[in-house]
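**Q** Quick check, what structure comes out for this input:
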Amino acid sequence: MTTYTDLRFPQGFLWGCGTAAHQVEGNNTNNNWWEWEQEGGHIKGGDVSGLACDHYNRFDSDFALAQELGHNAHRLSVEWSRIEPEEGRWDMKEVDHYRKVMESLHRHGLVPMVTLHHFTNPIWLERMGGWSNPRSVDLIARFSGFIAKELGDLVPYWFTINEPMVIVVASYIAAEHPPRQQDWSAAMTVSRHLLQAHGAMYRAVKESTTHNPLVGPVHNMPYIEPYDPDSEHDRNAAALADLLMNEYFLAGIDTGTVGPPAGQGEEVAGLKGAWDFIGMNYYSRHRMAHDRPIDPAGLPPPDAELTEMGYEVFPEGFYRQLARLKKYAPPVFVTENGLSTKDDSQRCRHLLRHLAALHRAMQEGTDIRGYLHWTMVDNFEWAEGYQQWFGMVAMEPGTLKRLPRPSAYLFRDIARRNAVTAAMLREHLG
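**A** Take a look at the predicted model:
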């Protein structure tokens, strides 16, 4: 019989959820994803984001609910295409909207953690080639500096680019997201520009406000293994995937260079050490086979526990990737971790097992400062449309009423106690 003990977290630990503007706000009509949705044939079920969760209008009540559910932090993104609808033209009404959003977060006791770029590009940038255009580096740095100047008194934490290597793989290798290309050369070009952009955004935010903001990347880190450990070809495929997905971007910031596979160690001015923390996203293990196309689900074992996305539930990989971050100096925030499921008891188990893995990594020396679950309310899941359920809170069709699930109250109790109790572990894990 398993003996459980309380897992306590340090004073000041941040608890909350993460969101992205396009997935929750609704009517983000001026970005590349909206345009792509309208073409048809790209989103499961023929869905379009549409009104989404109407968070653009309901943010204050959503933050009030987060406060009731014990959260003390919230990660969200500002929508570039709203703020700069045309190149060089700032929409101050939208800036004022986001100021009200940040004020609401403070009013409800939630620390604002703001992502500057979460997958979407303004249509005008996409017309220029998006991330494949070298001008994208200066353009997003200019945007970052502008909005940091406008909101810097209200935002203590800024994230630069959400999951840059997911942008590379999903858009330019697997061709699942716009612009839906399969071009290795273009993928490497975009990889270089994203790394350069991070450094430029970091400097722009720092230079644009005197409020001493903390700035860092958000890096998705799947745990990668060979499909067949005895196959040299599979081991090589896993090593390349790990280099691209997990090592390249962080090593680039650590050394200030563009390393393999996108470069040969070329230095980037201002990139070295351009992080005050690391935002880390984790969902699953990916097993790589040399003779199979990239599978978003990662070729899970036949006996694996799966999510609705087909991802393997693998908390051990979460622990190992958190432990891996010890070699870097900055502290860590878990900026996304969760699953899509219709079975909320599975979400409760998933939450507890991953928090136990996180606690283990902390006990062994990884400096982790907060945990942000993905996500608060069921929303538009990119190419999956509305066919996935990541929220601790359900959204009633038609009314968009927020309906907290049992996992939301479990998370509330964890956050309020700043601990996972032995009783919680016994109840949900047996």
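**Q** drop to CA atoms for contacts and neighbour counts, all remaining ones
**A** Fine.
**Q** correct me, but A174 touches I294?
**A** Yes. At 6.4 Å, A174 and I294 qualify as touching, with contact defined as Cα atoms under 8 Å.
**Q** Would you agree V101 is in contact with F59?
**A** Yes. Contact criterion Cα under 8 Å: V101 and F59 qualify, at 6.8 Å.
**Q** residue contacts, P134?
**A** Residues near P134 by Cα atoms under 8 Å, 6 or more residues apart in numbering: H193.
**Q** Need the pLDDT of it.
**A** pLDDT for P134: 98.
**Q** Then N281?
**A** 99.
**Q** need the contact list for it.
**A** Contacts of N281 by Cα under 8 Å, 6+ apart are V218, H219, N220, M221, V334, T335, E336, N337.
**Q** ok, now with 7 Å
**A** H219, N220, M221, V334, T335, E336, N337 (Cα atoms under 7 Å, 6 or more residues apart in numbering).
**Q** cool, H118 as well?
**A** Taking Cα under 7 Å, 6+ apart, one finds A20, S77, I161, N162 in contact with H118.
**Q** Could you dump these into CSV and include secondary structure and pLDDT?
**A** Formatted as CSV, the contacts of H118 follow (DSSP: H, G, I helix; E, B strand; the rest coil; pLDDT from 0 to 100):
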residue, secondary structure, pLDDT
A20, coil, 98
S77, strand, 98
I161, strand, 98
N162, strand, 98
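**Q** Kindly indicate which of those residues lies nearest A323.
**A** N162 (21.1 Å; Cα to Cα).
**Q** which of the contacts of H118 sit farthest apart?
**A** Farthest apart among these - using Cα to Cα - are A20 and I161, which lie 11.7 Å from each other.
**Q** those strands in the stretch 201-350 of the chain, which residues are they?
**A** 214-220, 223-226, 257-258, 266-267, 278-281, 285-288, 332-336 (DSSP state E, counting those that start in this stretch).
**Q** quick one: contacts of the fourth one?
**A** It refers to strand 266-267. Contacts with strand 266-267, where a contact means Cα under 7 Å, 6+ apart, come from G256, T257, V258.
**Q** what lines up beside that strand in the sheet?
**A** strand 257-258 (antiparallel) (DSSP bridges).
**Q** Report the mean per-residue pLDDT for the strand it pairs with.
**A** 98.
**Q** what number of residues lie near D254?
**A** Other residues near D254 come to 17 when the count uses other Cα atoms under 10 Å.
**Q** In this structure it contacts K272, no?
**A** Yes. Using Cα atoms under 7 Å, D254 makes contact with K272 at a distance of 5.6 Å.
**Q** Could you check how many residues crowd around P85?
**A** Neighbour tally, P85, other Cα under 10 Å: 19.
**Q** Next: D344.
**A** 18.
**Q** Would you mind measuring from it to E163?
**A** 26 Å (Cα to Cα, to the nearest Å).
**Q** Equivalent analysis for A304, please.
**A** 25 Å.
**Q** Looking only at neighbour counts, state which of the two leads.
**A** Neighbours were counted for A304 and for E163 using other Cα under 10 Å; E163 has more, 21 against 12.
**Q** Does the more buried one touch H219 like I think?
**A** Yes. Contact criterion Cα under 7 Å: E163 and H219 qualify, at 4.9 Å.
**Q** coming back round to it: now flag whichever of the contacts of H118 is closest to T366.
**A** N162 (21.6 Å).
**Q** Please determine how far that closest one is located from R412.
**A** Counting by Cα to Cα, the gap from N162 to R412 is 26 Å.
**Q** Look at those two and report which has more neighbours.
**A** N162 (23 against 20).
**Q** which residues touch that one?
**A** Contacts of N162 (Cα under 7 Å, 6+ apart): T115, H117, H118, F119, V218, H219.
**Q** What's the local residue count around the first one?
**A** Just to be clear, that refers to T115. Count around T115 with other Cα under 10 Å applied: 26.
**Q** helix/strand/coil for it?
**A** Counting by DSSP: H, G, I helix; E, B strand; the rest coil, the backbone at T115 sits in strand.
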